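# Need a 3D model of the following:
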Amino acid sequence: MAKIQLVSLRKTYEFRGQLVRAVDDVTLEAPEGKILTLLGPSGCGKTTTLRCVAGLERPDDGEIRFGDRVVFSRALGVFVPPEQRHIGMVFQSYAIWPHMTVFENVAYPLRVRRVASGEVRRRVQAALELVGLAALADRPAPYLSGGQQQRVALARALVYEPQVLLLDEPLSNLDAKVREQVREELRTLQRQLNITTVYVTHDQIEALALSDVVAVMRDGKVLEVGSPRDLYERPRTRFVAQFLGTTNLLPGRLAHVEGTTAVVETPRGVLHARADKVELQPGESVLASVRPEHVTVGPASQANPGTWIGTVRSALFEGSATKYRIDLGDFTLLAYGEAGWNPGDRVALRFDAQKVILLRDEAG
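Numbering: from 1, shown residues only. Take a look at the predicted model:
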């Protein structure tokens, strides 16, 4: 095991005569034995960052360390090739060889390293048992399901006991049900092995479910880093609030702060929010971010000075909850709640101040 450190990492490409900053001054740490997830939309630089960690791309500047070992440093003139970095990697496509059996696919990294045949058999068997495929060792690769192929790729990445595991969108080709199952298996396996892992995905649910630490990226930069719960419940930027799930953004103006509560004036009335992360001045334009599950929907007859009145525009039953779109005149608010309201019903909305987060209104 080894923690991974990226310091001021930069990587640029030339595209149609213009310089593109794919990785722009990225400084990150994957703690030893934990999962760091690089999360962001397509083109944000997350896969390029991972490929730099793997040694498949040579950065322009910065430094990469595995524990105390420098594997890349522009200043020191160090570039350790990928085969000497002791990494295991799973690609989005899995790269399973169709002319080989499951055993042969997993054994390949050991064969090229000229490991003795007896040791190959022992380690392949152990890797297949880890991923639940020991009974399929002799099955030809073309006869595997998508989930089984993913497990073969994972076993192959782990078979020579790497210090670091790198995963590039490994579940994106699976259907939803299988993806959920394999996600749980992957998290359990990572905890069992206690291996430092860097995981790349654009899927917010994967990032929230799998990670110890999440780094949200955009345009080659890291916008925010934190635990999944902290980033979801207390984002610092509008982009992260919107990218990590659905949220309502209510424009307003910060009036003042009363202890731990910020008072915000909006076109619909006064709104209270958390003040512990407020780095704003009274009078500034703000956006109040509130998740749909943190909006309480009740009958309009129970309205009080702290509630807002709206009209149900649509109600969509989704199993565990009903999704409501509620018309507030100049704004449509999304809320999740119990079934019972129909389009046209007047309802009262209540907000828990501890669940309302203030963001700087960048446009304002």
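
# Burial check on residue 31, number of neighbours?
12 (other C-beta atoms under 10 Å). In this view, the C-beta of every residue, glycine as well, is placed from N, C-alpha and C.

# ok, it - contacts?
3, 196, 212, 213 (C-beta atoms under 8 Å, 6 or more residues apart in numbering).

# Which of the residues you listed fall in helices?
Using DSSP state H, no member of those falls in helices.

# could I get those as TSV with distance to residue 311, neighbour count and pLDDT?
Formatted as TSV, the contacts of residue 31 follow (distance: C-beta to C-beta, whole Å; neighbours: other C-beta atoms under 10 Å; pLDDT from 0 to 100):
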residue	distance to residue 311	neighbour count	pLDDT
3	53	17	94
196	52	25	96
212	43	16	96
213	42	18	97
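
# Dump those residues to TSV, plus distance to residue 140.
Putting the contacts of residue 31 into TSV (distance: C-beta to C-beta, whole Å) gives the following:
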residue	distance to residue 140
3	39
196	33
212	37
213	39
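
# Please, where are all the strands along the stretch 201-350 of the chain?
Per DSSP state E, counting those that start in this stretch, the stretch 201-350 of the chain carries strands over the ranges 213-218, 221-226, 248-258, 261-266, 269-274, 285-290, 295-299, 308-317, 322-327, 332-337, 346-351.

# returning to what we had before: and the contacts of residue 31, which is closest to residue 320?
residue 212 (26.2 Å; C-beta to C-beta).

# The closest one and residue 78, how far apart?
For residue 212, the distance to residue 78 (C-beta to C-beta, to the nearest Å) stands at 28 Å.

# ok, the residue positioned nearest the centre of the chain - contacts?
Nearest to the mean C-alpha position of the chain, counting by C-alpha atoms, centre = their mean, stands residue 207 at 2.9 Å. When the contact criterion is C-beta under 8 Å, 6+ apart, the partners of residue 207 are 37, 39, 199, 201, 214, 228, 244.

# Could you identify the most distant pair in these?
Farthest pair in the contacts of residue 207, by C-beta to C-beta: 199 and 244, 15.3 Å.

# Just give the number of residues close to residue 309.
Neighbourhood size, residue 309 [other C-beta under 10 Å]: 15.
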